[in-house]
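> okay, structure incoming, though there's no sequence with it:
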């Protein structure tokens, strides 16, 4: 470790741990095999804390707050609880709200069986949604020769936005609108086929946690996402820097 | 404990001594019932443990009273579904939402984003039919929105899956007949 790195000590659940001050609570927890569920977070992409699945209870200077583990840098003396009944309830509630807000029909989805949203629902024991479903009218853009975006299945994690900007350097994807009308768009909300900045690399497809982005030619449950490229590209970039 | 010496007067116990089981299919595709039938030889065991008092696979016409467990496949899509589920709830001790349509609305609810009139137009008028006409009689009116069971009645157990597989249904019934609530998190999920 270079001498410029400052080490911070903290407590996660019942474990005394230490980390580099640049690290987040999530990074340090993972290094110590403490599982924290995530959805928008993806190793190799910048953190946004968009989904709130990784909320943990952070006590510092006698104040307890809920903070997203993926976007909160560690601090000296932090006491962190990663899996209290309150957190379990909030995580389940967040998932139920995601299901209620979109049109997630697992049975007819290309990502059935390989979907992070579906997997999280099962892992937190979510057997049904307690909120009324919204059934929003959302569109599908299949204009691209190879790819499709189905907004019904989008959870606005912004992984596609980040991978396109941070890794591919094209910034084809971004967000448009506010609140429940928010959606991802290509270029200036043009059909994907007409988005001139898109290089057709397909990275967005493979980082998408659900079936919102998929390759044409895949039917129900056939879309497997391959993310091996991401840690590799990040390592190469860090070496260059 | 005292021994009783009473001589049995009948060779088989009266049917009412077994839990009364019902299954019904509302706005769904019957896939969950196919899965129920896929229990194969376990159905023989089930028949010994419970009385199937109402089901698409038995001949009872009216939904009976005093049912212990009802498995409900399908969502609430029309006026008849709603009337049925209200009666089922009144007559049932343990109501089980069986499968994704009952639990989430699933494929049955995919029409919700479009509205009833456009859907009827699409089905009964847009295709090149000889006599395009929306059915006006003999069919229950579609509700504006298809909804899962628990939006209209209290549900005691949710069994997701499209369909839940036979082993999951068997596991679930085994627990319920023993008076336990099954933990299904390792057995099934949405879209199974």
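Noted; the coordinates are in hand. All values derive from a computational prediction rather than experimental measurement.
> C-alpha only now, for contacts and for neighbours.
Noted.
> quick one: the strands in the chain?
You didn't pick a chain, so chain A it is. With DSSP state E as the criterion, chain A has strands at A:7-12, A:15-20, A:55-60, A:63-68, A:79-81, A:140-141, A:147-150, A:173-176, A:183-186, A:213-215.
> that answer is for a different chain, and I need it for chain B
Secondary structure of chain B (DSSP E): strands at B:20-25, B:51-54, B:67-73, B:76-78, B:92-98, B:142-147, B:157-159.
> chain A is nearest to which of those strands?
strand B:157-159 (6.0 Å; C-alpha to the nearest C-alpha).
> ok, the closest one: who's next to it in the sheet?
Here strand B:157-159 has these sheet partners by DSSP bridges: strand B:92-98 (parallel).
> domain-wise, how is chain A divided?
Using automatic domain parsing, the domain parsing of chain A gives A:7-83, A:109-240.
> make TSV out of these and add mean pLDDT and distance to chain B.
Below are these laid out as TSV (pLDDT from 0 to 100; distance: least, C-alpha to the nearest C-alpha, whole Å):
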stretch	mean pLDDT	distance to chain B
domain A:7-83	96	16
domain A:109-240	96	5
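> mean neighbour count added to these, as JSON lines?
Output for these, formatted as JSON lines (neighbours: other C-alpha atoms under 10 Å in any protein chain shown):
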{"stretch": "domain A:7-83", "mean neighbour count": "18"}
{"stretch": "domain A:109-240", "mean neighbour count": "18"}
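> follow-up on the earlier one: of the strands of chain A, which is nearest residue B:172?
Across the strands of chain A, residue B:172 has its closest neighbour in strand A:55-60 (32.9 Å, C-alpha to C-alpha).
> could you give the separation of the closest one from the chain centroid?
Counting by C-alpha atoms, centre = their mean, to the nearest Å, strand A:55-60 is centred 20 Å from the centre of its parent chain.
> mind checking which helix or strand of chain B has the lowest mean pLDDT?
One helix or strand of chain B scores below all others by mean pLDDT, DSSP states H and E: helix B:116-124, with a mean of 94.
> residues in contact with the residue in chain A positioned nearest to chain B?
Here the residue of chain A nearest chain B is residue A:107; by C-alpha to the nearest C-alpha that distance is 3.9 Å. The contact partners of residue A:107, by C-alpha atoms under 8 Å, 6 or more residues apart in numbering or on different chains, come to A:220, B:106, B:107, B:162, B:190, B:191, B:192.
> swap in 10 Å and give it another go.
A:113, A:220-221, B:100-101, B:106-107, B:161-163, B:190-192 (C-alpha atoms under 10 Å, 6 or more residues apart in numbering or on different chains).
> skipping adjacent residues, who's closest to the residue nearest the centre of chain A in space?
In chain A, the C-alpha nearest the mean C-alpha coordinate belongs to residue A:40, at 1.1 Å (C-alpha atoms, centre = their mean). Using C-alpha to C-alpha, 6 or more residues apart in numbering or on different chains and skipping the chain neighbours, the partner closest in space to residue A:40 is residue A:157 (4.6 Å).
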